Every structure is written in structure tokens, then in C-alpha cells.
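Enquirer: give me a model of this one.
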Amino acid sequence: MHSEAELLAALRRYWGYATFRPLQERIVRSLLESRDTCVVMPTGGGKSLCYQLPAAMLSDRTVVVVSPLIALMQDQVAQLTQMGIPAALVNSSLKNDMQSWVLRKAQEGAYRLLYVSPERIARPDTLVWLRRIPISFFAIDEAHCISEWGHEFRPEYRQLNSLREHFPDRPIAAFTASATRQVRHDIIDQLKLREPDKYIASFHRPNLRYVVKECDSRSQSALLLSVLRKYADSNLIVYAPTIARVEETVDFLEEQGIPAIAYHGKMENDTRRKNQERWMSDEVRVLVGTIAFGLGINKAAVRAVIHLSLPKSIEQYYQEAGRAGRDGEPADCILLWQKRDVGLLTYFVQQMEDPAERERAWQRYHIIRRFVESQSCRHHQICAHFGETPKFKSCGACDVCSGELAWLVAPTGARRAKRPRPLPQKRDASPAGSLNIAEKLGAMGKPGASGAGTPSPPRFAERAERMTPSDPNFELREYLREWRRTIAKEQNIAAFVVLHDTSLDEICRMQPKTLLDIRRVPGFGERKTELYGKQILEALARFRAGARCAAIVERKPKPAEETLQLLAEGKTFEEIAQARGRQLNSVMNFVAELVERGDLEFQPDWVGAEKHEQIAAACARLGSNLLKPLKEALPPEISYGEIRLVVAHLHQQETEA
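Expert: Numbering: from 1, shown residues only. The predicted structure follows:
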């Protein structure tokens, strides 16, 4: 039995915290007492500490952590190493000789934590070497993935039920952020937990404000801009339903002067990792991603999460929206949905072949529809969905209970977000079909020229400057963020591994002058103080002497300007996609938009005369407002991108007529 003083001493030594968060100490005690455990704790509640602290205290033994993502494992291992807790991972990212070395060290009991993937656990050879490791207990992260009733069921997780059979004397602890009562029961059954200690934290996040708003495509873009202008100097996440929408949204924002980066599953791993780190280290404040983004994201100061479509379930929405406000400060979770989202969700459900899986998906669909369409408290609905009975009926922190936000309105007139189709313009007296791009590029560089017939909105940086808080620590915060980025790049680790946002903000508030002062900053244990304490004191001294953050200026053309330039150089759509880091279909859609709004001449060789004739004929029969009926009526070799280009050409010709 470990005393309270021993637990707090370990917490202070490694994490630099003086107290536990709710439930953490009880969970730690359960694991130290070798009890099977099931933990449901919202995003940001401190789940990982619950199994990492016992691991740190159990010398010469190893906690085996099952985690679903390589990037997440790498971050966790880097963070633990910085704290002075020996940890390692075994996965496909390691070369064979390195894997062999890690396994030898693990058999010697060198690591307090060893991270493996569920796929790795399923391999017969894994069970062989695991038996040679002095295991204290197994920790299953994202445990809801084991349940077919969960929103992220993964078949490879089902094979974790073999752990009880092969390691009957080792405790198993399951951790998840979003599990209904039914899923919790399934987790316990599948992992064969024996009379587990159960810890279910409240699902109520009072610092979050839930706002749900139905809109159309034009007003959605305008509302998105309203949110970004409200939080011009803050970190935000925008969730889009498809890769195409991610890239389209990033291009749209950058056309408006708002720096943004993309994150989706079809990116190369290095690019995806680099983009995530640029957002994590505050180089770019807006990240637009698919649901592939977010698992294990450890950024506390996210002021808003915006969804641009209906999530497939309450669980998914709660998990993703919950990445806002992890520092406990107020944050907005804004869901901007359209009627067409319903069609997309039902389409995906109908594609499921397994009847039971399809039925469960229909249930999730009906629940999320009720959530967005009902006029009852959003917080209450979420809590009730997860089996919690809140005492409140009205939260005062959602659109139903407190009304619409005064600042969340779609601009009208010249500043509307959807790029207006330009007035008919007189064509250049150049040969028919010629690409008069050079003149377009010249015009785009002139003052007041936006390429869309209306003045460009103020640059995001200018808006950010006007909205900069009067807080005297703002400049210090930016200076320390720059120091953190530099250190992270030197060590090839994530910025939050060097210093959490909450710790950075506390340094700005306290402005420590000695290493003893640094130790009083939450998040600074012994090892972290040893690694960075002196450097932080030196950085603070430089700041007091007048040093300031060097402005991060990303000198790159806007998407339209860059695309026009590449076309002028004779690049193909495939080459443009490669150069801009976009999917081919996204590039073709963007070029179609340039054609439709009159910024670019349509080129017949983009599609070919025969295909153009077929597409135009189909448009004459079926109309050109919906692409799907056109695609179904045309030969399969004609792509959506080609259809979109011809439709844009036809629309542009109608405008001129």
C-alpha cells in the first residue's frame, strides 16, 4: 500500500504537479493494487497519467500500453523520456536491429512503459517475447475501439481478448474518453476484466459552449469566417467531412488571407506530421482536418472547434469538440451543418454490408439528427447519451439555453464569404482559347485587386494585430513560443513535449528568476527543470533586455495566384497537385472555380472535344446543378473533375451571354 505522501511525491517529481485531478489518485491506487480497471474520462481529463504514474513507481517492471497510432506512441515516449521515465515503443517505424535492441532491454526490465499497437499484439511472435518481459499490467488506450457498439470499432482490437488467456495473472486496465453504458459493458466483457474497479468521470464540460446552426454552403463559409475573425489570435480546429472539403477549405481561407494548413489520411506521413507540428507549435493557428486528426492531440489552448458537417455519432462529436478548452478556459464548439450532410451520412450507412453493423450505424445516425434538430439543452443531451443524469435542465452554455451568438452571423453584400461571380468582362483580343494568365497575375498583385470583382478582406495578420490582447505578457508568450519551437526542432520532437501551453502561460504569469521558481511552475518535474530550467531563465533575461519574437512571415502566393502561375508554366493538373500538395480532384475543382468566376480561360485540351461534347449534351438533358446524375449518365472514363470543368465553362458562358 502506497501512502498519499508517496503518490504526491512521485507526481511532483515527474510531472511537477502538486495535486491530482478528479479520480486520478483513486485510479492510480487501483492499478498499484493490481486491480482490473475500466476508466471513462473525457478528453483532457488526464487519462495517460493514471497508468504512467503507477508505471514510474513500479521499479523493474513494465506497463505494456496498447495504443492505436504510431505518432501518438512516439509523442508519449518522447514526453516520458523528457520526464525521466524510461519508455520505448515497438512498431513498424523501427528498423529490425533497433527492434531487437528494444526487446532485449525490455526483457531486462529497463523500461517502465512499452508501447505496442493492437496489430502487433495479435502476432504470435509478440506473445512469445511478451512472456519474457516483467509485465506489471496492461493498459488499453482508446478501449472503445474494441466494441462493435462503439463509433470507432476496429477489428484488430477484438484480438486483445487473448491477453487474459495468455497472461491470466496480469491486471488489465481499459481507458477511453467516449463510451456509452452499452460500450462500457462490452469493453469489460471483451477484455474479460475481473470485477474491475470502474471510474466514470462526468461528461459535462461546463467551460465549453455548444452551438449548432443549420446553414447552406454560402452561409457556412461566411459563418466560418466569422468564427476565425472572432478568434484571430487563437488556435482553432476545423473539421471537414472529406479530403476534398479539407483542401477546398484551406484554399478558401488562404484566399481570404487566413493562413491554414491541412491534415488528412492521404497525405504522406512526413507532411502530415510536419503540418500537425506547425499547428502544435503555433506557427499556423488554423488546422483543417478530417476525423483522422486529433487522436492523442495534447494541446490545451484550443479556443474553438468548428465542424463543417454532421458527425456520424454523438460520440465522435463529443470526442472531437472536446479538443477545445482543455486548459479549462472558455471555448466554443460550433457545428455548422447542411441538409446535404444527411444524404452523405445515409449513403455511407447504406454501403455497409453487415446487417448488424448497418443497424447500429442507423441508430447513431438518428441520435445525431435528434441532437442537432431538437430544442433541448445540448449539454444535457450529451450527458444523457452517455448514461449520466445531470441535475441541471438549462446549462447557460449552448445555443438552446442562451440563444444565438451575436457575433456568429453571415456577412451580407460585398463581404459575403462565397466568392461572387464577377460581372461580365470584355475578353482580350487574343487568339481563341489562349490562356491570358500573365495579365491575370499582374492584376492580382495590384492594390485592391482580389480576382473576384470585390476588394480583398483585410489580411488575417492585420486583423490579428488589431485584436491582440492588451495583456503585457502577450509579447513574452510569443517570445517563449519561438524559443520552444527552436528547441523542438533541434531535438526533433513535438513542441508540447518541450513545454505545455499551460506551463508556458504560467511562466509568463510568474516570470521566475531562479531554478527554484521554475520548480514551482506546474508541469516542471525534476528532469524537465534540469533539461530546460536554465535555458528558460536565460530566455527571460534576454526578453527583459529587449529581445522580442521574430515575426513569422510565410511568404507564399495565394492559392489562385499559385495555380495560375503553374498553369502559365505549362504544368499539368497532376503536376500542380504534386506542387501544391493537393489531390488531383481538388486541383481540377479549384481550376473550375477560377473558370466560373472569370479569372481563367477554359482550355479545350483539359477535357478533349469528344468528352466536352458528351458532358455538354448531358447537361442539356439533365441540367448542371447536380454532378452525380451527370456522372451516372456519362461513360465511366469521364471523371467528376472533367464534368466540373465543363459545367464551369458552361456557367461562365451563360454569365457572358
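
Enquirer: and residue 545, backbone torsions?
Expert: Taking degrees, to the nearest 10, you get phi -80, psi 0 for the backbone angles of residue 545.

Enquirer: near residue 204, how many other residues are there?
Expert: 18 (other C-beta atoms under 10 Å). For every residue, glycine as well, the C-beta is placed using N, CA and C.

Enquirer: now for the closest residue to it other than its chain neighbours: which residues touch it?
Expert: Nearest residue to residue 204, sequence neighbours excluded (C-beta to C-beta, 6 or more residues apart in numbering): residue 383, at 5.5 Å. Listed by C-beta atoms under 8 Å, 6 or more residues apart in numbering, the contact set of residue 383 reads 202, 203, 204, 389, 390.

Enquirer: now swap in residue 22 and tell me
Expert: Applying C-beta under 8 Å, 6+ apart, the residues near residue 22 are 45, 201.

Enquirer: with residue 624 instead?
Expert: 630, 647, 650, 651.

Enquirer: could you report the neighbour count for the last one?
Expert: Residue 651 has 17 neighbours, counted by other C-beta under 10 Å.

Enquirer: so it is in which element?
Expert: Assigned by DSSP states H and E, residue 651 belongs to helix 640-656.

Enquirer: dump the C-alpha coordinates for that helix into CSV.
Expert: C-alpha atoms of helix 640-656 as CSV (Å, rounded to 0.1, in the frame of the first residue of the first chain):
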residue,chain,number,x,y,z
TYR,A,640,-16.0,14.2,-61.8
GLY,A,641,-13.2,16.7,-62.3
GLU,A,642,-13.8,16.8,-66.1
ILE,A,643,-17.5,17.2,-65.5
ARG,A,644,-16.9,20.1,-63.1
LEU,A,645,-14.6,21.9,-65.6
VAL,A,646,-17.2,21.7,-68.4
VAL,A,647,-20.0,22.8,-66.1
ALA,A,648,-17.9,25.8,-65.0
HIS,A,649,-17.3,26.6,-68.7
LEU,A,650,-21.0,26.5,-69.5
HIS,A,651,-21.9,28.6,-66.5
GLN,A,652,-19.3,31.1,-67.4
GLN,A,653,-20.6,31.3,-70.9
GLU,A,654,-24.1,31.9,-69.6
THR,A,655,-22.9,34.7,-67.5
GLU,A,656,-21.4,36.5,-70.5
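
Enquirer: returning to what we had before: can you tell me the element the residue nearest to residue 204 falls in?
Expert: Per DSSP H and E: helix 378-385 holds residue 383.

Enquirer: show the average pLDDT along that helix.
Expert: Averaged across helix 378-385, pLDDT comes to 96.

Enquirer: need the CA coordinates for it. PDB is fine.
Expert: Only the C-alpha atoms of helix 378-385 are listed here, as PDB (Å, rounded to 0.1, in the frame of the first residue of the first chain):
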ATOM      1  CA  ARG A 378     -27.100  20.400 -25.700                       C
ATOM      2  CA  HIS A 379     -25.000  19.700 -22.600                       C
ATOM      3  CA  HIS A 380     -28.000  17.800 -21.100                       C
ATOM      4  CA  GLN A 381     -28.400  15.700 -24.300                       C
ATOM      5  CA  ILE A 382     -24.700  14.700 -24.400                       C
ATOM      6  CA  CYS A 383     -24.600  13.700 -20.700                       C
ATOM      7  CA  ALA A 384     -27.900  11.700 -21.000                       C
ATOM      8  CA  HIS A 385     -26.500   9.900 -24.100                       C
END
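
Enquirer: what's the spacing between it and its chain's center?
Expert: 23 Å (C-alpha atoms, centre = their mean, to the nearest Å).

Enquirer: what does stretch 150-170 give?
Expert: 27 Å.

Enquirer: same thing with stretch 397-409?
Expert: With C-alpha atoms, centre = their mean, you get 24 Å for stretch 397-409.
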